[in-house]
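Visitor: what's the 3D shape of this:
(chains A, B, C and D)
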Protein chains: 2
Amino acid sequence: MNLKDLAASLGLSQTTVSRALNGYPEVSEATRQRVQEAAISSGYRPDSRARSLATGKAMAVGLVLPMTARQEIVNPVFADFVAGAGETLSTRGFDIVLSLVKEEDQTTVYRSMLSKGRVDGMIMQAPLTGDSRIALLKGLGMPFVVHGRVSDHDEGYCWMDMDNRHAFHDATCHLLDLGHRRIALLNGLEAMDFAHRRRDGFLDALSERGLKTDPALMASAMMTESYGFASANQMLALPNPPTAFLVSSLLVAMGAHRAIENRGLKMGRDVSVVTHDDDLSYLPNGTPEAPIFTATRSPVRQAGNICAEMLLGLIDGSRTAPFHTKLQASLIIGPSTGPAPTH
Amino acid sequence: MNLKDLAASLGLSQTTVSRALNGYPEVSEATRQRVQEAAISSGYRPDSRARSLATGKAMAVGLVLPMTARQEIVNPVFADFVAGAGETLSTRGFDIVLSLVKEEDQTTVYRSMLSKGRVDGMIMQAPLTGDSRIALLKGLGMPFVVHGRVSDHDEGYCWMDMDNRHAFHDATCHLLDLGHRRIALLNGLEAMDFAHRRRDGFLDALSERGLKTDPALMASAMMTESYGFASANQMLALPNPPTAFLVSSLLVAMGAHRAIENRGLKMGRDVSVVTHDDDLSYLPNGTPEAPIFTATRSPVRQAGNICAEMLLGLIDGSRTAPFHTKLQASLIIGPSTGPAPTH
DNA sequence: AGTCGTGTCCAAAGCGCTTTGGAAATGATT
DNA sequence: AATCATTTCCAAAGCGCTTTGGACACGACT
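Guide: Numbers count the residues shown, from 1 in each chain, chains lettered A, B, ... in the order given. Here you go, the predicted model:
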């Protein structure tokens, strides 16, 4: 059943039926009523392609996310981010078209987006340092928003980012204020741009207080629980072990926690831990009333909301690129931090 | 730059240009060469809507996933599942259109899919017990595959499922064989269909050996680390505590592990733990050589591959619904299980 | 009676592609 | 030289919608 058939069955023109269905005023209320009923009872569903072709609007946005084929790992924040973006987009009638991009095949990059008209704009997630995909997106001449940014090149496009540098700077200061002097950094893969910024925040805070960094207390890897366990365990075995850990994700913090307990130490008393918390729905940091870890929190779901909102502004023309949004993480104090032990 | 312009600039007809670009044989190699070069240099990108309208194929599949608005939780396996499905689909030129469906608004359910032509088929994830969405999908008259199934109604549509009942039956037997008699079940939300099946497998194994179940040793909730910690902790405090835990997810198992260690017990010696492991990329169960937990493993990413493959078969007509795929989990033996302590 | 809105509807022209049913040119065969 | 198959190309008809530019009827106002 298409519009033509529906119009014929009603003895009306396609124009009138289309207008009746889409709420245009040039049609009498009685006719509109009649048309709507017929549409429902006949199970008429408009063809989105035809409509999109006629209107020029796809009513969809593309979401491109990297899949490093080598490591076969999927970004754990993805689910919550997409939930946030989807939430915002669906209230405005937009769909999400996923584009899983393997890093290496730059030729077929954005294949789905390569054919025109599928989406009205794009959101890019998790840029790497010096990510070339941004230039690619610019070349497509389509509105886009980046979740995160590329350090050496953060102008000329829209991005939304958490202030990673500031968050880790503050977290480090918090530990320093508690008297900690040997602070370890368990960072994410430094190929990711945000990890870069976090390290900078950490290092700046230390050098502001005239402290030197110990390379043995800095690790960087994919953010898994096992990594947290192994590297914390190793650092705690050093002759001069750290009294505090600054950690890049809750999962890694859980590993560090395990390593601490495993050595008969108590987190928050013998060793302090501050972690970043993306506030993933399936990985809560305890409860709001009783967090497990002291954390710099920035809900990634909200980031999804904001990116979507920004992109929609770009698409409907109410805003023009480039503009940016920077979010500040909030420092949540939990029982995982305490004064540096004195001995 | 559209096909018409491109054809005009080459002095050819649209027909010929279209055929040259799409690899039809009715065009000379020289012309094809010329056309392809012109297409690239002019930055021609075909309009997917127009193409889709003309061919009748959308070259996209819809992925509907529930978002229980109440709990605001996102299914943690989603990311890996979509990675698997996306992997398979992208090699065949298919895109993924996401549809985040809030449970309650059944009216706008599959809004994106409600307008015709956007997708050629759909994959549905994480069905609830007695999920009404399956009837809805049937009504759309479009091929679809369900990841999981609905217990009381698993005929008449395509599904792919891990044999949850069998896996948990075997895991329970494994613990029974080790001499455990008080075994606790930390299950997922029993509104989820798979949780139902897992409980059945667990209960069947117990009753086969003539053992009764203790309601105090059965918990069911969203699968978070905190839940694992809290309920394991509570059960271990019972006058007659369990000697083994059968757990529904790695995250919950980590919480249980924490509770065990927290009480000064040692996992694998004092208390055994078997968990299900979806093999999520960002949440590995140790390493392949050295798993942390004894686990029933079934990679959800592979499930994504299979669902996509099934759906593609349905779409291209090489297979016809309904048919099913049932996967068996493999039992991985790790250090988290050992003989029941005797005292 | 003539004019002017105003409300209601329609025919037809796109949107940019694929595909059908030829047509023209070329070379091979009689 | 005439016939036929082959190769190479094209005009035009969709696909199903939106939207432009009227047409027509009707009552109101001069």
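
Visitor: Give the burial count for the spatially closest residue to residue A:236 that is not a sequence neighbour, as a bare number.
Guide: Closest residue to residue A:236 apart from its sequence neighbours, by Cβ to Cβ, 6 or more residues apart in numbering or on different chains: residue A:263 at 5.6 Å. In short, each C-beta sits where N, CA and C put it, glycine included. By the measure other Cβ atoms under 10 Å in any protein chain shown, the count of residues near residue A:263 is 14.

Visitor: Read off the pLDDT value for residue A:263.
Guide: Here the pLDDT value assigned to residue A:263 is 93.

Visitor: How much space separates it from chain B?
Guide: According to Cβ to the nearest Cβ, to the nearest Å, residue A:263 stands 12 Å off from chain B.

Visitor: Hmm, residue A:233 and that residue touching each other?
Guide: Yes. Look at residue A:263 against residue A:233 with Cβ atoms under 8 Å: they come within range, at 7.4 Å.

Visitor: thinking again about what came up before, what spatial separation is found between the residue nearest to residue A:236 and DNA strand C?
Guide: According to Cβ to the nearest atom of the strand, to the nearest Å, residue A:263 and DNA strand C sit 64 Å apart.

Visitor: In contact with the spatially closest residue to residue A:266 that is not a sequence neighbour, which residues?
Guide: Closest residue to residue A:266 apart from its sequence neighbours, by Cβ to Cβ, 6+ apart: residue A:260 at 7.5 Å. Counting by Cβ atoms under 8 Å, 6 or more residues apart in numbering or on different chains, residue A:260 touches A:232, A:236, A:266, A:267, A:270, A:271, A:273.

Visitor: so residue A:260 is in which element?
Guide: Residue A:260 is part of helix A:250-262 when elements are defined by DSSP states H and E.

Visitor: and the residue of the stretch 51-200 of chain A nearest DNA strand D?
Guide: Across the stretch 51-200 of chain A, the shortest distance to DNA strand D (Cβ to the nearest atom of the strand) belongs to residue A:54, at 3.1 Å.

Visitor: how is chain A carved up into domains?
Guide: According to automatic domain parsing, chain A comprises the domains A:3-42, A:60-162+A:302-327, A:164-299.

Visitor: Just send these back as a markdown table, with distance to residue B:186 too.
Guide: Output for these, formatted as a markdown table (distance: least, Cβ to Cβ, whole Å):
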| stretch | distance to residue B:186 |
| --- | --- |
| domain A:3-42 | 47 |
| domain A:60-162+A:302-327 | 22 |
| domain A:164-299 | 15 |
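
Visitor: Where among the ones you listed is average confidence lowest?
Guide: domain A:60-162+A:302-327 (a mean of 84).

Visitor: For DNA strand D, tell me whether it is touching it.
Guide: No. Domain A:60-162+A:302-327 lies out of reach of DNA strand D by Cβ under 7 Å from any atom of the strand, never closer than 11.7 Å.

Visitor: Any idea how far that domain is from the middle of the chain?
Guide: Computed by Cα atoms, centre = their mean, to the nearest Å, the chain-centroid distance of domain A:60-162+A:302-327 equals 9 Å.

Visitor: Check stretch A:263-281 too.
Guide: For stretch A:263-281, the distance to the chain centre is 23 Å (Cα atoms, centre = their mean).

Visitor: hang on, the earlier thing: which among the domains of chain A is found nearest to residue B:240?
Guide: domain A:164-299 (26.3 Å; Cβ to Cβ).

Visitor: so of the contacts of residue A:260, which ones are in strands?
Guide: Using DSSP state E, the members of these that fall in strands are residue A:273.

Visitor: Buried only: go through the contacts of residue A:260 for me.
Guide: Buried members of those, scored by 16 or more other Cβ atoms under 10 Å in any protein chain shown, are A:232, A:236, A:267, A:270, A:271, A:273.

Visitor: Next step: these restricted to helices.
Guide: A:232, A:236 (DSSP state H).

Visitor: Quick one: the buried ones among the contacts of residue A:260 as a markdown table, columns for distance to residue A:99 too.
Guide: Shown next, in a markdown table, are the buried ones among the contacts of residue A:260 (distance: Cβ to Cβ, whole Å):
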| residue | distance to residue A:99 |
| --- | --- |
| A:232 | 36 |
| A:236 | 42 |
| A:267 | 41 |
| A:270 | 47 |
| A:271 | 42 |
| A:273 | 37 |
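
Visitor: Which one of the buried ones among the contacts of residue A:260 is nearest to DNA strand D?
Guide: Using Cβ to the nearest atom of the strand, residue A:273 comes nearest to DNA strand D of those, at 55.9 Å.
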